[in-house]
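Enquirer: Kindly return the folded structure for what I paste below:
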Amino acid sequence: MKRIFLLVAILATSLVHYSFAQDHSGHTQSSDLINLYYKTKDALVAGNANLAASKSAELVKSLNSTDDKTVSKAMKVSLLEHAGMIAESKELKSQREHFAGLSDGMIALAKSTKLSAEPIYQQYCPMKKANWLSSEKAIKNPYYGSSMLTCGKVVETIK
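Expert: This is a model prediction of the structure:
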C-alpha cells in the first residue's frame, strides 16, 4: 500500500511542473491551501489528533473546490488521498504517516506556484527522514511533537 502511495506521489510530482497556470483567483485558493496545511501541521505538533482531523477535513473541502488551473488533477488526487486519510483518522501515528505524503505534495505545489506572499520554509526531520513546510524558521516537528519538538532543520526557503 505504501508503494502505491509513493508511486502516486512521484507521478503527481513529475506532472506538477507541466500543469500549473495561475491567475488572481488561483492565488487566493492556493493561499487557503497553505494556511489549512499549516493548521494541520500545527495540530500535529501539538499532538491534537481531533484538531488535525478537523483541519485536514477543511483542507479536503478546499482542495475539492480548487480549480484545475490552481492545482492539477494529478496533484489534487495525491493531496486529497493523504489529507483524506488524516481527516478520517483519530490516531496521531497514522495521521503523521500520511502527513509525510501530504507534505511531499505540498512541497511540489509550493515550488510550482506561489502559495504565499511570505517565505515558506521547507524543513526536514532526520529521524523520520521526511520534510514539511512551515511559515517560520523555528523548528516545530509535526512527526514527533513534544517528544522531539525541535528536531530538524531548514533545508530550503521557497519564495
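Enquirer: what's near enough to touch the nearest residue to C125 once chain neighbours are set aside?
Expert: Distance criterion CB to CB, 6 or more residues apart in numbering; nearest residue to C125, sequence neighbours excluded, is G152 at 4.6 Å. Every C-beta, even on glycine, is put in place using the N, C-alpha and C of the backbone. Shown in contact with G152 (CB atoms under 8 Å, 6 or more residues apart in numbering): Q123, Y124, C125, P126, I139, N141.
Enquirer: List only buried entries from those.
Expert: Neighbour counting by 16 or more other CB atoms under 10 Å classes Q123, Y124, C125, I139, N141 among these as buried.
Enquirer: now those residues as a markdown table including distance to L33?
Expert: Listed next are the buried ones among the contacts of G152 as a markdown table, based on distance: CB to CB, whole Å:
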| residue | distance to L33 |
| --- | --- |
| Q123 | 18 |
| Y124 | 21 |
| C125 | 22 |
| I139 | 22 |
| N141 | 22 |
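Enquirer: Just the residues you listed: which are in strands?
Expert: Taking DSSP state E as the definition of strands, the buried ones among the contacts of G152 contribute Q123, Y124, C125.
Enquirer: State the mean pLDDT of whichever strand or helix holds K55.
Expert: Counting by DSSP states H and E, the element that carries K55 is helix 49-64. Per-residue pLDDT values over helix 49-64 give a mean of 96.
Enquirer: Using CSV, write out the CA atom coordinates for it.
Expert: Taking C-alpha atoms only, helix 49-64 is exported to CSV below (Å, rounded to 0.1, in the frame of the first residue of the first chain):
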residue,chain,number,x,y,z
ALA,A,49,-5.5,14.3,16.7
ASN,A,50,-9.0,15.7,16.7
LEU,A,51,-7.9,19.1,15.5
ALA,A,52,-5.6,17.6,12.9
ALA,A,53,-8.5,15.6,11.5
SER,A,54,-10.8,18.7,11.5
LYS,A,55,-8.2,21.0,9.8
SER,A,56,-7.4,18.3,7.3
ALA,A,57,-11.1,17.8,6.5
GLU,A,58,-11.2,21.6,5.8
LEU,A,59,-8.2,21.1,3.5
VAL,A,60,-10.0,18.3,1.6
LYS,A,61,-13.0,20.7,1.2
SER,A,62,-10.8,23.5,-0.1
LEU,A,63,-8.9,21.1,-2.5
ASN,A,64,-12.2,19.9,-3.9
